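*Asks:* give the three-dimensional model of this entry:
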Amino acid sequence: QVQLVESGGGLAQAGESLRLSCAVSGRTFSWYGTGWFRQAPGKEREFVASISRSGGRTSYADSVKDRFTISRDNDKNTVHLQMNSLKPEDTAVYYCAARPTFDTAATSARWSEYDYWGQGTQVTVSS
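*Replies:* Numbering: from 1, shown residues only. Purely as a prediction, here's the structure:
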């Protein structure tokens, strides 16, 4: 079993930055690709960013590209999402997720491929 705990959410004004963290425990972290998803009220869950097991490859939703950066530290079992130039439309609950994979270089934007999820952290951006 894998446990994920997000932190770092909160309130920000448009243009400001926030950094989300996700602590992963329970299994060998480097076996898992990880990603961030978000869900705003009344909307479906959407992909934000993904990072490969090795950390060498990343992928982003078009809406956050060039503003958000995903990273991971396999020694500390953590995943981070640095969010810059925040916009009101970034307001959502952000979820960290992990998926076991043999491919060390793969990323995934499909939420159905992720087996483990955190409880979520709220990010609210005011205009």
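
*Asks:* tell me what Ala12 is bridged to.
*Replies:* Note on Ala12: beta-bridge partners Val125, judged by DSSP bridges.

*Asks:* so what's the residue count around it?
*Replies:* A total of 17 residues lie near Ala12 under the criterion other Cβ atoms under 10 Å. C-betas here are computed from N, CA, C, even on glycine.

*Asks:* could you do Asp62 as well?
*Replies:* Quick note: Asp62 (other Cβ under 10 Å) scores 6 neighbours.

*Asks:* one more: the one 3 residues further on?
*Replies:* For Lys65, the neighbour count with other Cβ under 10 Å is 10.

*Asks:* per-residue confidence at it?
*Replies:* At Lys65, the predicted lDDT confidence score is 97.

*Asks:* so it is in which element?
*Replies:* Under the assignment given by DSSP states H and E, Lys65 is not contained in any helix or strand.

*Asks:* phi and psi next, for it.
*Replies:* Per-residue torsions, Lys65: phi -60, psi 140 (degrees, to the nearest 10).

*Asks:* contacts only, for it.
*Replies:* By Cβ atoms under 8 Å, 6 or more residues apart in numbering, the contact list for Lys65 is empty.

*Asks:* then Leu86?
*Replies:* 12-18, 67, 123, 125.

*Asks:* one more: Ala97?
*Replies:* Contacts of Ala97 by Cβ under 8 Å, 6+ apart are 4, 34-37, 111, 114, 116-118.

*Asks:* quick one: which of these has the most company?
*Replies:* Within the contacts of Ala97, Gly35 tops the neighbour count with 28 neighbours, counted by other Cβ under 10 Å.

*Asks:* that one contacts Ser112, doesn't it?
*Replies:* No. Counting by Cβ atoms under 8 Å, Gly35 sits too far from Ser112 to count as a contact (11.7 Å).

*Asks:* just put the contacts of Ala97 in CSV and tack on pLDDT and distance to Gly55.
*Replies:* Below are the contacts of Ala97 laid out as CSV (pLDDT from 0 to 100; distance: Cβ to Cβ, whole Å):
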residue, pLDDT, distance to Gly55
Leu4, 96, 17
Thr34, 97, 9
Gly35, 98, 13
Trp36, 98, 14
Phe37, 98, 19
Trp111, 94, 21
Tyr114, 97, 17
Tyr116, 96, 18
Trp117, 97, 20
Gly118, 97, 19
